[in-house]
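In: give me a model of this one.
(one chain, ligands or ions: 1)
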Amino acid sequence: MKTRLEQLVMKSKSLIIMLRILNNLLIPPLLKNYRIKRVWAKITAQMSVEQSVEEIDLMFNEYLLYSNLDTGNLRGKNVLEIGPGDNLGVALKFLTSGANKIVTLDRFFLRQDSRQQSRIYERMHSVLSESKKKLVDEAIKIENGSFHLTNDRFKYISGKSIEEALDLFGENAFDFIVSRAVLMCANDADAAFYSMDKMLRKNGYLIHKIVLRDWQVFADTSMHPLTFLTTPDFIWKLMTYPSGGPNRKCIDYYRLKMKELHYQSKLLITRVVGSESDITPYKEKLQYNVDYDDSTLSMIEEIRPKLTKRFRSLSSEDLMISDIFLIAKKLV
Ligand SMILES: C[S@@+](CC[C@H](N)C(=O)[O-])C[C@H]1O[C@@H](n2cnc3c(N)ncnc32)[C@H](O)[C@@H]1O
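Out: Model prediction:
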């Protein structure tokens with residue numbers, strides 16, 4: 001339930017901008033990290049263990065399904081998961097599905113719920129075959145409602161961003177680099193792709209679900225969903241960079257980046273502006289009167305004159321794409 005003051009703030013774009021900038025300037029970086037994590041933890045703390053495990057299965061299965069891969073393709077491979085969030089369940093799935101090594105990396109020091117995590121891992125463990133149970137037992141030790149990681153095949157590194165990861169792992173370290181709802185937070189998307197490209201081995205895959213819409217800035221207000229594209233770049237950076245807000249890269253950025261890197265790639269559209277849910281199955285091309293209609297086009301044209309220059313010139317088809325799934329294979 002929002003207080004009156006919060007309700008008032010949510011109605012004013014300028015107030016939101018001002019408070020965001022003030023917040024970034026006044027709070028030291030470390031505390032900011034904790035604040036962000038509380039916001040995220042709030043979402044998953046409301047989930048039961050069953051729901052979390054379902055979500056983990058869904059995420060893992062999506063990585064394979066849309067890449068046309070199966071667990072056989074993971075056998076003996078090294079995987080990097082960026083921004084795992086509140087638990088390492090997806091990473092555990094990679095490990096128990098044959099990966100040789102799975103490293104998880106997060107820019108922030110997460111405020112995770114150790115008890116909840118332990119319950120999730122115990123639940124996942126309970127349905128595994130004996131040989132897979134052994135793998136988990138070797139990787140995680142759960143004691144008195146808390147856990148720690150016990151071998152090099154299953155790692156969690158926090159306080160390092162994907163942009164900085166090349167220095168940590170070196171070139172050709174991974175066969176798969178995956179993430180969900182993370183790349184939009186990379187302050188320097190070019191540096192993130194440079195780092196991923198160098199760390200990925202030939203024939204390796206980048207598999208990323210990427211949120212292109214507003215993320216926790218104006219999104220909780222009743223404002224137009226593309227309001228976040230109306231703020232000039234330098235103000236946007238002050239508002240979001242230290243605390244990890246969206247970098248406002250649209251689908252055109254990822255298209256160009258894949259061309260530049262010479263990857264064999266596919267960009268699937270997973271959500272359309274104004275919609276609360278994903279398109280299923282994800283698709284390469286949106287269909288008029290199926291995935292969007294005249295009201296979507298009017299919504300975009302209504303805000304277009306207010307968009308900052310680089311967004312104003314994008315096509316309606318690109319502006320309406322609010323989330324994507326990127327599958328890219330490194331050929332050379
Ligand atoms: C929105 S959460 C998504 C969590 C999880 N992947 C999921 O889908 O439930 C984004 C996560 O990415 C992390 N993150 C943000 N920017 C990052 C960066 N540049 N490098 C690594 N991790 C980052 C955040 O700290 C957070 O844990």
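In: which positions in the stretch 101-250 of the chain make contact with the ligand?
Out: Counting by Cβ under 6 Å from any ligand atom, the stretch 101-250 of the chain comes close to the ligand at 105-108, 110, 161-163, 180-182, 185-186, 244. C-beta here means a position set from N, CA and C on the backbone, and glycine is covered the same way.
In: buried subset of the residues you listed?
Out: Taking 16 or more other Cβ atoms under 10 Å as the criterion, what is buried in those is 105-108, 110, 161-163, 180-182, 185-186, 244.
In: is the spatially closest residue to T150 that is not a sequence neighbour bridged to anything, and to what?
Out: Spatial nearest neighbour of T150, chain neighbours left out: K141 (5.1 Å); criterion: Cβ to Cβ, 6 or more residues apart in numbering. Counting by DSSP bridges, K141 is bridged to H148.
In: could you report the neighbour count for K141?
Out: By the measure other Cβ atoms under 10 Å, the count of residues near K141 is 12.
In: residue contacts, it?
Out: F147, H148, T150 (Cβ atoms under 8 Å, 6 or more residues apart in numbering).
In: what is the nearest of the residues you listed to L95?
Out: For the contacts of K141, the closest approach to L95 (Cβ to Cβ) belongs to T150, at 12.4 Å.
In: flag the helix or strand of this protein with the lowest per-element mean pLDDT.
Out: Averaged element by element with mean pLDDT, DSSP states H and E, the chain has its least confident helix or strand at helix 29-45 (a mean of 54).
In: next SSE after that helix?
Out: Using DSSP states H and E, the helix or strand that follows helix 29-45 in sequence is helix 49-65.
In: now do that next one: which elements does it pack against?
Out: helix 89-96, helix 114-126, strand 174-180 (3 or more Cβ pairs under 8 Å, 6 or more residues apart in numbering; DSSP states H and E).
In: what angle separates the helix or strand just after it from helix 49-65?
Out: Per DSSP H and E, the first helix or strand lying C-terminal to helix 49-65 is strand 78-82. Counting by axes from the mean of the first three to the mean of the last three Cα atoms, to 10 degrees, strand 78-82 lies at 120 degrees to helix 49-65.
In: what lines up beside strand 78-82 in the sheet?
Out: Paired with strand 78-82 in the same sheet, following DSSP bridges, are strand 101-106 (parallel), strand 174-180 (parallel).
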